[in-house]
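A.B. asks: prediction below, plus the sequence it came from.
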Amino acid sequence: MAYNGNNLSVIIAAYNEENNIPDTIKRIQKTVPKAEILVVDDGSKDNTVNTARSLKSKNLKVISYKPNKGKGYAIRVGTNNAIKNIQAQIDADSQFPPEEIPRLVKPILDKKADVVFASRFIGGSTIQRGSLTRMRRLANFVVSGFTSVLCGKRFTDVNAGFKAWKSDVIKDIDFQCNHFAYEPEIAIKGIEKGYKFVEVPVNYKGRQIGITNVKLLRDGIIIPLYLLKLKLSLMRKRLF
């Protein structure tokens, strides 16, 4: 029997995504029709909120606030409002195909993982030609490599915006970062607490419409500094 998402909440952090959000929501609904969908509008300046709300559905919830506070903050709002036992996050622009949500959550359903990270850089993945610049690959390599060192476990693509976790696990991990470092923070805190992480392949097609919110300087330099500070804080807690 195909997975219908009856135990799943799908979180979409959206910032100025009025042109992308309808297609993403419809594709999620078609793939996992029983799933709860939470659109968290992170202070958009366009018509994202009204566009999402116009897609009336009993399983769709739209949360909005101002001003823009960052993707990590938006995902945390989603995790705190989700009502299902499993949660998945997906980018609003469908660069990670909603049709692959069942593959993303399968390790959790099979009791083989507590947290699942999609990866564009492991066997079985594909990357649309021209969708990742060399600089973005380098920034991801730096952040993923540094996260792996701090965790003691290899991660190949912590920046991929396509992840899943058990609801009780993400609440216990209690990530606090408001910007893009929340993803490696989840890995570092989760490994520290003994949770099992698994990577699954994904077919990446790149952003279809609009401008990315990823900043290479932030991802390649500021995030590792934040993670180092986080790791030192966790070490001090263990010692004292």
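C.D. replies: Great, that's in hand.
A.B. asks: buried ones in stretch 161-171?
C.D. replies: Neighbour counts over stretch 161-171 (16 or more other C-beta atoms under 10 Å) mark 161, 162, 163, 164, 165, 166, 167, 169, 170 as buried. C-beta coordinates here come from the backbone N, C-alpha and C atoms, glycine included.
A.B. asks: turn those residues into TSV, including distance to residue 16, secondary structure and pLDDT.
C.D. replies: Formatted as TSV, those follow (distance: C-beta to C-beta, whole Å; DSSP: H, G, I helix; E, B strand; the rest coil; pLDDT from 0 to 100):
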residue	distance to residue 16	secondary structure	pLDDT
161	15	coil	95
162	20	strand	98
163	22	strand	98
164	25	strand	98
165	26	strand	98
166	31	strand	98
167	28	helix	98
169	31	helix	98
170	26	helix	98
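A.B. asks: closest one to residue 225 out of those, please.
C.D. replies: Among these, residue 161 lies closest to residue 225 (C-beta to C-beta), at 21.4 Å.
A.B. asks: closest to residue 90 among the buried residues of stretch 161-171?
C.D. replies: Looking across those and measuring by C-beta to C-beta, the closest to residue 90 is residue 162, at 5.7 Å.
A.B. asks: residues in contact with the closest one?
C.D. replies: 88, 89, 90, 91, 96, 100, 104, 118, 202 (C-beta atoms under 8 Å, 6 or more residues apart in numbering).
A.B. asks: which ones among those residues lie within strands?
C.D. replies: Taking DSSP state E as the definition of strands, the contacts of residue 162 contribute 88, 89, 90, 118.
A.B. asks: before I go, just wanted to say thanks for your time.
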